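In: A structural model of the following input is requested.
(one chain, ligands or ions: 1)
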Amino acid sequence: MTVQTAQPKKTGVNRRTFLGVAWGAALLALGGQAAAALVRFIQPVSGAGFGGVVRAGKVDEFLPGSVNLVKAGRFFLVRREDGSFLAMWQKCTHLGCSVPWVESENQFHCPCHGSLFDKTGVVTGGPAPRPLDLFPVTIRSGEVFVDTGSPIQRDHFDPKQATKA
Ligand code: FES
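Out: A predicted model of the protein is given here:
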């Protein structure tokens with residue numbers, strides 16, 4: 001004679017099912033994040049960031065003679081002594097490093113191979129083959145807008161390249 005014991009009735013979710021659901025949810029979340037990142041990556045850049053028109057600020061925020069980095073647009077906005085503006089891409093024309101403005105040297109000084117550029121972006125030393133590229137500047141209602149989607153290559157500086165305020 002065999003004695004059968006009553007098995008407790010299984011209710012709810014067992015561990016295997018719980019782990020399966022948890023893994024599925026984690027993979028779904030990861031896949032969603034990857035898809036969102038991919039969409040952001042392949043979307044054309046426009047509006048407020050690099051690749052589109054960037055609002056740099058109000059004209060009066062930039063003192064004559066100043067060099068101002070606008071990080072969102074990856075450019076320097078130079079306000080010349082006569083009040084006009086130049087927007088120069090931060091990208092070195094040698095091999096593309098980001099060029100910082102070095103206030104103590106009063107020039108742009110590329111950390112990669114030592115190219116030097118004056119305040120108008122003209123090469124004064126090092127291997128860079130041409131001045132820093134410009135972006136078109138527009139002034140509307142007292143604000144400065146820079147089109148970072150249209151870089152302009154040049155071989156010298158001409159005051160006509162600057163936009164009057
Ligand atoms: S990348 Fe700037 S000097 Fe080479």
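In: show me what contacts Val137?
Out: Neighbouring residues of Val137 by C-beta atoms under 8 Å, 6 or more residues apart in numbering: 77, 85-87, 144-146, 163. Glycine gets a C-beta too; all of them are placed from N, C-alpha and C.
In: can you redo these as JSON lines with pLDDT and distance to Arg55?
Out: Output for the contacts of Val137, formatted as JSON lines (pLDDT from 0 to 100; distance: C-beta to C-beta, whole Å):
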{"residue": "Leu77", "pLDDT": "98", "distance to Arg55": "11"}
{"residue": "Phe85", "pLDDT": "98", "distance to Arg55": "13"}
{"residue": "Leu86", "pLDDT": "98", "distance to Arg55": "17"}
{"residue": "Ala87", "pLDDT": "98", "distance to Arg55": "12"}
{"residue": "Val144", "pLDDT": "97", "distance to Arg55": "7"}
{"residue": "Phe145", "pLDDT": "97", "distance to Arg55": "6"}
{"residue": "Val146", "pLDDT": "98", "distance to Arg55": "8"}
{"residue": "Thr163", "pLDDT": "98", "distance to Arg55": "15"}
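In: can I get the residues you listed in TSV with neighbour count, secondary structure and distance to Phe117?
Out: Converted to TSV, the contacts of Val137 look like this (neighbours: other C-beta atoms under 10 Å; DSSP: H, G, I helix; E, B strand; the rest coil; distance: C-beta to C-beta, whole Å):
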residue	neighbour count	secondary structure	distance to Phe117
Leu77	23	strand	15
Phe85	21	strand	17
Leu86	23	strand	12
Ala87	31	strand	14
Val144	24	strand	21
Phe145	18	strand	24
Val146	26	strand	18
Thr163	17	strand	19
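In: Of these, just say which sits nearest to Glu61.
Out: Of all the contacts of Val137, Val144 has the smallest distance to Glu61: 8.5 Å, by C-beta to C-beta.
In: who does the closest one bridge with?
Out: For Val144, the beta-bridge partners under DSSP bridges are Gly57, Ile139.
In: ok, it to the ligand distance?
Out: Using C-beta to the nearest ligand atom, to the nearest Å, Val144 is found at 26 Å from the ligand.
In: Just give the number of residues close to Val54.
Out: The number of residues packed around Val54, counting by other C-beta atoms under 10 Å, is 25.
In: can I assume it sits in a helix?
Out: No: Val54: not assigned to a helix; according to DSSP: H, G, I helix; E, B strand; the rest coil it is strand.
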